[in-house]
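Undergrad: A predicted structure for the sequence below; I have some questions about it.
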Amino acid sequence: MQSVVLLVQFSFSGAKVTSASEIRKGITELGLLNDGTVGIFRGNQMRLKRACIRKAKISAVAFRKAFCHHKLVELDATGVNADITITDIISGLGSNKWIQQNLQCLVLNSLTLSLEDPYERCFSQLSGLRALSITNVLFYNEDLAEVASLPRLESLDISNTSITDITALLACKDRLKSLTMHHLKCLKMTTTQILDVVRELRLLNHLDISDDKQFTSDIALRLLEQKDILPNLVSLDVSGRKHVTDKAVEAFIQQRPSMQFVGLLATDAGYSEFLTGEGYLKVSGEANETQIAEALKRYSERAFFVREALFHLFSLTHVMEKTKPEILKLVVTGMRNHPMNLPVQLAASACVFNLTKQDLAAGMPVRLLADVTHLLLKAMEHFPNHQQLSTEQTAQLGAELFIVRNNIAEVQELHSELMWKDFIDHISSLLHSVEVEVSYFAAGIIAHLISRASRYCSMLIEEGGLQHLYNIKEHEQTDPHVQQIAVAILDSLEKHIVRHGRPPPCKKQPQARLN
């Protein structure tokens, strides 16, 4: 019925591109694009120039009949079902001579190159292609060589592919302006060899050599130390790389005054006044809210970076007093893009709690809160409770239960039930967990519980929580972010003691058991 509603909103007689695009977008977002619904694009009543069929469940035959007769200039086929391959898509597009010469942008992320012949070459058919994104694909050196020979190619994203050598990029050094090589895990070149290739790409405006913190390569630092490299660069991303410092980044940027963006998330840089991200130079990082928001915007499809950004957002928002729907929207995008990634869902749910607690929810758009509720329910559905769990899994699930399952109303009802010694002892064990996410969120739980009324500060002190927090604060191996939250909690408790005095020891009351 939803597809019918979409159709009756538009007149197909002489339909414009915008109408066709809106129908296609609506069907795609609703998850309704399949072999049946895609048939509405087969005729000539609508004209498509830009098509997004992300995660569509369509066959190669249906794709060819529905889209390949249109004069497409852009196609995003990210994550379509496994029945259709990159070879199928390019073969279909190549059947239209107009598309061969005029298709400008093609996104083929998270697909299979070919089911029958993984070494089949097909990209040369698209001679007009200017931008290609082919991330998370078994894409090899030979494929790179073919793509690099495309006569108009200006932008290339080969992140998380099987490439071991990027030397083939020299074939397009006189036209390549944007190169993204995030997490090239199979690369076998030395740092010097990589820099020798990059040095030749003098027209580059954008370079991304970020990583998921899995490698110890000094490529980022070595690049930042180069003075005679990339003179036209305006955007550089070294997020997740080792050995990156504020001093090196500042020196690199000052030599290139046209720089507009630098990516520093999950590095040791971004903490100087020069790199706040609040001026003309945009910075994705973790030092402040501006940097974190930039990171969530730019990395919405990279699960590791989304988790990192949310992790740091959590520490900033646990004392938030101002409603910030624009930040909540970014959190929602991260949740929606990574529904099956538990670390992302945990971090996002914790941030949602902070951003909507107490009176903050009242200032949020109703539609946004509805989206949040839907995504939290989805998270509960995707990660139900399991009985047979190891100790560490139990600890992580404990954090998940308090942050994901207990929505705002439920937490308010549970305040008095939670603040007993067994609970404090359990949270203390979570605070000492080797899993940083668990200890981080456990500290946040206590922060939430004392945030509403002085009664709960008293209960926490009475049950011995004060000493636990002092231990966390003073322990040399405490994660800095956990320590930061512990200090904030102690500050609240000490202010409470100054105002109301230290409460007397209380008698043990019956405990409410949490299911």
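TA: Here it is on my side, so go on.

Undergrad: packing partners of the lengthiest helix in the chain?
TA: With secondary structure taken from DSSP state H, the chain has its longest helix at helix 480-500. On a contact count with 3 or more C-beta pairs under 8 Å, 6 or more residues apart in numbering; DSSP states H and E, helix 480-500 meets helix 303-317, helix 436-449, helix 454-462, helix 465-474. Just so you know, the C-beta spots here come from the backbone N, C-alpha and C atoms, and that holds for glycine as well.

Undergrad: comparing those, which gets the lowest mean pLDDT score?
TA: Lowest mean pLDDT within the helices and strands packed on helix 480-500: helix 436-449, a mean of 51.

Undergrad: for the residue nearest to residue 238 when sequence neighbours are not counted, helix, strand, or coil?
TA: Residue nearest to residue 238 in three dimensions, not counting chain neighbours: residue 220, with 4.0 Å by C-beta to C-beta, 6 or more residues apart in numbering. When classified by DSSP: H, G, I helix; E, B strand; the rest coil, residue 220 comes out as helix.

Undergrad: gap between residue 220 and residue 304?
TA: Taken as C-beta to C-beta, to the nearest Å, the spacing of residue 220 relative to residue 304 amounts to 16 Å.

Undergrad: compare the two (neighbour count), which wins?
TA: Neighbours per residue, other C-beta atoms under 10 Å: of residue 220 and residue 304, the larger number sits with residue 220, 27 against 23.

Undergrad: my guess is the more buried one meets residue 242, correct?
TA: Yes: checked against C-beta atoms under 8 Å, the pair residue 220 and residue 242 is within contact range at 7.2 Å.

Undergrad: shared neighbours of the two, which are they?
TA: Residues touching both residue 220 and residue 242 (C-beta atoms under 8 Å, 6 or more residues apart in numbering) are residue 267.

Undergrad: what residues of stretch 40-54 count as buried?
TA: 40-41, 46, 48, 50-54 (16 or more other C-beta atoms under 10 Å).

Undergrad: if you could redo that for stretch 252-263, that was the one I meant.
TA: Neighbour-count burial for stretch 252-263 flags 252-253, 255, 259, 261-263 (criterion: 16+ other C-beta under 10 Å).

Undergrad: for stretch 96-103, same thing?
TA: Here stretch 96-103 shows 96, 99-100, 102-103 as buried, counting by 16+ other C-beta under 10 Å.

Undergrad: cool, stretch 313-327 as well?
TA: The neighbour-count check on stretch 313-327 (16+ other C-beta under 10 Å) flags 313-318, 320, 323-324, 327 as buried.

Undergrad: picking that back up, show me what contacts the residue nearest to residue 238?
TA: For residue 220, the contact set (C-beta under 8 Å, 6+ apart) comprises 209, 238, 241-244, 267.

Undergrad: looking at the residues you listed, which two lie furthest apart in space?
TA: For the contacts of residue 220, the farthest-apart pair by C-beta to C-beta is 209 and 243; their separation is 12.8 Å.

Undergrad: who's more crowded, the two?
TA: Using other C-beta under 10 Å, the more surrounded residue of residue 209 and residue 243 is residue 209, with 23 against 17.

Undergrad: against residue 221, how distant is that one?
TA: Distance of residue 209 to residue 221, given as C-beta to C-beta: 11 Å.

Undergrad: residues shared between the contacts of those two?
TA: Common contacts of residue 209 and residue 221, defined by C-beta under 8 Å, 6+ apart, comprise residue 241.

Undergrad: can you pull out the strands in the stretch 151-300 of the chain?
TA: For the stretch 151-300 of the chain, the strands defined by DSSP state E, counting those that start in this stretch cover 155-157, 178-180, 206-208, 235-237, 261-263, 282-284.

Undergrad: can you list the ones you listed in JSON lines and add mean pLDDT and distance to residue 144?
TA: Conversion of the strands of the stretch 151-300 of the chain to JSON lines gives the following (pLDDT from 0 to 100; distance: least, C-beta to C-beta, whole Å):
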{"stretch": "strand 155-157", "mean pLDDT": "99", "distance to residue 144": "9"}
{"stretch": "strand 178-180", "mean pLDDT": "99", "distance to residue 144": "11"}
{"stretch": "strand 206-208", "mean pLDDT": "99", "distance to residue 144": "16"}
{"stretch": "strand 235-237", "mean pLDDT": "99", "distance to residue 144": "20"}
{"stretch": "strand 261-263", "mean pLDDT": "99", "distance to residue 144": "23"}
{"stretch": "strand 282-284", "mean pLDDT": "98", "distance to residue 144": "27"}
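
Undergrad: quick revisit: average pLDDT for the longest helix of the chain?
TA: Here the average pLDDT along helix 480-500 is 72.

Undergrad: quick one: low-confidence parts of the stretch 101-250 of the chain?
TA: Scanning the stretch 101-250 of the chain for pLDDT under 70 picks out 117-120.

Undergrad: that one: helices as residue ranges?
TA: Assigned by DSSP state H, counting those that start in this stretch, the helices in the stretch 101-250 of the chain fall at 141-148, 191-200, 219-224, 246-254.

Undergrad: just say which of those helices is most tucked in.
TA: helix 219-224 (a mean of 22; mean count of other C-beta atoms under 10 Å).

Undergrad: dihedrals phi and psi, the closest residue to residue 260 other than its chain neighbours?
TA: Spatial nearest neighbour of residue 260, excluding adjacent residues (C-beta to C-beta, 6+ apart): residue 234 at 4.8 Å. Main-chain torsions, residue 234, degrees, to the nearest 10: phi -120, psi -10.

Undergrad: residue 234 against residue 262, yeah?
TA: No: using C-beta under 8 Å, residue 234 makes no contact with residue 262, being 10.0 Å away.

Undergrad: now name the helix or strand holding residue 333.
TA: Applying DSSP states H and E as the criterion places residue 333 in helix 325-337.

Undergrad: need the next SSE after that helix, C-terminal direction.
TA: helix 342-356.

Undergrad: that next one packs against which elements?
TA: helix 303-317, helix 325-337, helix 366-382, helix 391-400, helix 408-418, helix 436-449.

Undergrad: quick one, that helix and helix 303-317 angle?
TA: With axes from the mean of the first three to the mean of the last three C-alpha atoms, to 10 degrees defining the directions, helix 342-356 sits at 30 degrees from helix 303-317.

Undergrad: avg pLDDT for helix 342-356?
TA: Across helix 342-356, pLDDT averages out at 86.

Undergrad: in contact with residue 94, which residues?
TA: Residues in contact with residue 94 (C-beta under 8 Å, 6+ apart) are 100, 122, 125-126.

Undergrad: what of residue 185?
TA: Counting by C-beta under 8 Å, 6+ apart, residue 185 makes contact with 160, 214-215.

Undergrad: just the residues you listed now: which is nearest residue 337?
TA: Nearest to residue 337 out of the contacts of residue 185 is residue 160 (C-beta to C-beta; 15.5 Å).

Undergrad: in this structure that closest one contacts residue 181, no?
TA: No: between residue 160 and residue 181 there is no contact under C-beta under 8 Å: 9.4 Å.

Undergrad: who has more neighbours, those two?
TA: residue 181 (24 against 21).

Undergrad: gap between the more buried one and residue 33?
TA: 31 Å.

Undergrad: next: residue 356.
TA: For residue 356, the distance to residue 33 equals 32 Å [C-beta to C-beta].

Undergrad: residues contacting residue 91?
TA: Contacts for residue 91 (C-beta under 8 Å, 6+ apart) come out as 122, 125.
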